[in-house]
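**Q** I'll drop the sequence and a predicted model, then ask my questions.
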Amino acid sequence: MSTLKNAVAKFHNNEEGLEALQIVMIIAIAGMIMVAASTVGSQAVEWMGEKWNALKGQNISL
């Protein structure tokens, strides 16, 4: 148990470890944003396609 505690203490005190952790967190957040955008984006494209097809079927005069 003390070996694990020492390893965690070294990682915590090491500024390079902290920087690496920050980079990993930024990448994880960016990944979550990309997944959310692609999910919502595909739903928006489908919705616009449905609305466009509905409009094409109607006679719209100006």
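**A** All right, it came through fine.

**Q** List the contacts of the helix or strand of the chain with the lowest mean pLDDT.
**A** One helix or strand of the chain scores below all others by mean pLDDT, DSSP states H and E: helix 2-13, with a mean of 75. Applying C-beta atoms under 8 Å, 6 or more residues apart in numbering, the contact partners of helix 2-13 are 17, 18. For glycine as for every other residue, the C-beta is placed from the backbone atoms N, C-alpha and C.

**Q** Could you tell me how far residue 46 is located from residue 16?
**A** Counting by C-beta to C-beta, to the nearest Å, the gap from residue 46 to residue 16 is 46 Å.

**Q** follow-up on the earlier one: and the least confident helix or strand of the chain, C-alpha only, in PDB?
**A** C-alpha atoms of helix 2-13 as PDB (Å, rounded to 0.1, in the frame of the first residue of the first chain):
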ATOM      1  CA  SER A   2       2.800   2.400   0.800                       C
ATOM      2  CA  THR A   3       4.200   1.800  -2.800                       C
ATOM      3  CA  LEU A   4       1.000   3.000  -4.300                       C
ATOM      4  CA  LYS A   5       0.900   5.900  -1.900                       C
ATOM      5  CA  ASN A   6       4.400   6.900  -2.900                       C
ATOM      6  CA  ALA A   7       3.600   6.600  -6.600                       C
ATOM      7  CA  VAL A   8       0.600   8.900  -6.200                       C
ATOM      8  CA  ALA A   9       2.500  11.400  -4.200                       C
ATOM      9  CA  LYS A  10       5.300  11.500  -6.800                       C
ATOM     10  CA  PHE A  11       2.700  12.000  -9.600                       C
ATOM     11  CA  HIS A  12       1.000  14.700  -7.600                       C
ATOM     12  CA  ASN A  13       4.200  16.600  -6.800                       C
END
